[in-house]
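give me the fold of what follows.
(one chain, ligands or ions: 1)
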Amino acid sequence: MYSSEIIGCGMYVPENIVTNHDLSKMMETTHDWIVQRSGIEERRWVSNDTSTSDLALKACEEAIKSAGIDKKEIDCLLFATISPDHDFPGNACFLQPKLGLTEIPAIDIRQQCSGFIYGMSVADAFIKSGQYKTILLVGAEVHSKGLDKSTKGRDVAVLFGDGAGAVVIRRTEVTDKAKNSHIFSTHLFSEGQHAKDLWCAAPGSGLGTAERLNHLHLEEGLQYPSMNGKKVFANAVRRMCECLMLALETNKVKLEDIDLFLFHQANLRINQMLAQELKIPEEKIFNTIMKYGNTTAATIPIGMSDAVKAGKLKKGMLVASAAFGSGFTWASSVYRW
Ligand SMILES: CC(C)(COP(=O)(O)OP(=O)(O)OC[C@H]1O[C@@H](n2cnc3c(N)ncnc32)[C@H](O)[C@@H]1OP(=O)(O)O)[C@@H](O)C(=O)NCCC(=O)NCCS
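Down below sits the predicted model:
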């Protein structure tokens, strides 16, 4: 049976750094509040003329280069995002021509902060089934254009940043599980009864109005994300612990066998609690939230690229990832780099 392996990764964040002090000029907040509650010190925001697919393009180009493949070998494009260029078509359709690719399937994944691991799972299944051989998976977000930057929206606005991360996932045959790079497993979960605890209501056909978006929706601020922060926090810790342990048990891997943990970055405190709960040494967790904030579907592949560049992620290492986000959705994966 075929397996899949990550053969290259890339990332891109906009140059414009927005510090907590910058935010305190837009809304009632302070650097200390943001750092104490979330660990975030700064994030990147795009300029007006940059879209989500523009960020994705740069991350994909780096991933293709690092994989050492000709882009014509890519036979499927997967794009995880909650902040697309436009309402429709999907963002993979906008990215495909920018990459100079034609006709290959262009598929969007809408699983928020768990989107990248959901995408890994889809890619892994496509490859195992023999349907595709070389898949480009990108997670990218432009959150800055969709946040309420007034004091009313401060609980959400301070947490999110813009960025993109991409990987090339390719068919491989595993002869030695302990040595060969490959994806061991992915585990995916969701609990839709909590959908409205972290969501963006408008535009939407579920608003009970004749239009998906009207001036009343805008006056109410329904075009901005809203969140039950404490509930999200508690569920994130619980569910990430659960799905991580399940991934380890399934693969008969011990926690101490994992060389690096690449978790989603929603809040540094979530990852610290995870580490405390599971007794993971802090040096084995690679955090990026301090400088990028939460970049949703882009977070884990940005972490991969940053970790490679920092010399923390090396070929042959056993890696575990877990994520939790809106939906609620959560997911985990174990893979040998
Ligand atoms: C958002 C979050 C940082 C808030 O931290 P918290 O400890 O729960 O804080 P609270 O919501 O209880 O707010 C405490 C106070 O700070 C205020 N506050 C909220 N945002 C603030 C900000 N940016 N700056 C200053 N004060 C703020 C609140 O209004 C509240 O004031 P009050 O006590 O006068 O009502 C935290 O709940 C969190 O990280 N949740 C998970 C978020 C997440 O993971 N989201 C993405 C999922 S993928």
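
surely residue 123 touches residue 4?
Yes - using CB atoms under 8 Å, residue 123 is in contact with residue 4, at 6.4 Å. To be clear about C-beta, it is placed using only N, CA and C from the backbone, and glycine gets the same treatment.

shared neighbours of these two, which are they?
Residues touching both residue 123 and residue 4 by CB atoms under 8 Å, 6 or more residues apart in numbering: 135, 169.

so which residues on the stretch 101-250 of the chain come close to the ligand?
Counting by CB under 6 Å from any ligand atom, the residues of the stretch 101-250 of the chain close to the ligand are 113, 154-155, 158-159, 198, 227, 229-230, 232-233, 236.

any chance of those residues in a markdown table, plus pLDDT and secondary structure?
A markdown table is the format used below for these (pLDDT from 0 to 100; DSSP: H, G, I helix; E, B strand; the rest coil):
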| residue | pLDDT | secondary structure |
| --- | --- | --- |
| 113 | 98 | helix |
| 154 | 98 | helix |
| 155 | 97 | helix |
| 158 | 98 | coil |
| 159 | 98 | coil |
| 198 | 98 | strand |
| 227 | 97 | strand |
| 229 | 96 | helix |
| 230 | 96 | helix |
| 232 | 98 | helix |
| 233 | 97 | helix |
| 236 | 98 | helix |
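
when you filter these down to buried only, what's left?
Applying 16 or more other CB atoms under 10 Å to these, the neighbour count classes 113, 154, 158-159, 198, 227, 229, 232-233, 236 as buried.

could you pull out the strands for this structure?
3-12, 17-19, 42-44, 76-80, 106-109, 134-141, 163-172, 182-190, 198-199, 226-227, 260-263, 318-325, 329-336 (DSSP state E).

highest average neighbour count across the ones you listed?
With neighbours taken as mean count of other CB atoms under 10 Å, these reach their highest mean count in strand 134-141, at a mean of 31.

angle of it against strand 3-12?
Interaxial angle, strand 134-141 versus strand 3-12 (axes from the mean of the first three to the mean of the last three CA atoms, to 10 degrees): 40 degrees.

wait, residue 52 sits on residue 91?
Yes - Residue 52 lies in contact with residue 91 (CB under 8 Å); the separation is 6.0 Å.

which residues are in contact with both of these two?
81, 84-85, 140.

gap between the two ends of stretch 261-281?
Chord length of stretch 261-281, first to last residue, is 10 Å (CA to CA, to the nearest Å).

do that stretch and the ligand meet?
Yes - for stretch 261-281, a contact with the ligand is found by CB under 6 Å from any ligand atom, at 266-267.

which positions within that stretch qualify as buried?
261-275, 280.

what about the residues you listed, which are in helices?
Residues of these located in helices (DSSP state H): 268-275.

got the contact list for whichever residue of the stretch 151-300 of the chain sits closest to the ligand?
Closest contact between the stretch 151-300 of the chain and the ligand, by CB to the nearest ligand atom, is at residue 229 (2.7 Å). Counting by CB under 8 Å, 6+ apart, residue 229 touches residue 155.
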